[in-house]
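A.B. asks: just to be clear, the model below is a prediction. Sequence and coordinates:
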Amino acid sequence: MAKLDILTYPDPRLHTVAKPVAEVDDRIRQLVKDMAETMYEAPGIGLAATQVNVHEQVVVIDISETRDELQVFINPEIVWASENRKVWEEGCLSVPEVYDRVERPDRVRVRALNEKGETFELDADDLLAVCIQHEMDHLRGKVFVEYLSPLKQNRIKSKLHKRERVRM
Ligand code: GNR
Ligand code: NI
């Protein structure tokens, strides 16, 4: 097991588009373990491979209070999204200390592969729906702050550059 380094916005590597996983093999299962360890230690409720500079379509999520309900999504696709949208206050491990409101479909149906390479479908609402969409954005090279106004994005960039300089 290994804890991985998380890229910080505005690192250009966060805008890389992830490739589909060709085969769910031991290499991918090790990546899933390392990503889970990294997410739990951070701590966060989700992590996309993009954030640890691996550009393949792998996501881990655990929204449980007890932190023992790991969900793995390989090559996830949204097969249905509700017309109804909802605003949620989002944060991101790649954008430390920034929280802001993002509007997204409030329910989604996702199709993905599990760690065994089997296809499954899942209906998600509330926090799980938000988290899956947030992680799938990472795989497309999109960070949640890109939904905010250009003014806010510039403020966040300068705040994180300053933070970098003092090595917080
Ligand atoms: O830990 C996380 N919390 C969170 C809160 C609201 C909406 C989305 C998230 S995901 C985030 C972890 C992360 O950055 N995943 O990419
Ligand atoms: Ni994130």
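C.D. replies: Structure received. Ligands and ions are numbered 1, 2, ... in the order given.

A.B. asks: show me what the lowest-mean-pLDDT helix or strand in the chain is packed against.
C.D. replies: Every helix and strand of the chain was ranked by mean pLDDT, DSSP states H and E. The lowest is helix 150-165, at a mean of 92. Secondary-structure packing of helix 150-165 (3 or more CB pairs under 8 Å, 6 or more residues apart in numbering; DSSP states H and E): strand 95-105. Just so you know, the C-beta spots here come from the backbone N, C-alpha and C atoms, and that holds for glycine as well.

A.B. asks: any idea how far the strand it packs on is from the chain center?
C.D. replies: Relative to its parent chain, strand 95-105 has a centroid offset of 12 Å by CA atoms, centre = their mean, to the nearest Å.

A.B. asks: the helix or strand following that strand: which residues count as buried?
C.D. replies: Using DSSP states H and E, the helix or strand that directly follows strand 95-105 along the chain is strand 107-113. Across strand 107-113, burial judged by 16 or more other CB atoms under 10 Å covers Arg107, Val108, Val110, Ala112, Leu113.

A.B. asks: which member of those residues is positioned nearest ligand 1?
C.D. replies: Proximity of those to ligand 1 (CB to the nearest ligand atom) peaks at Val108, which lies at 13.8 Å.
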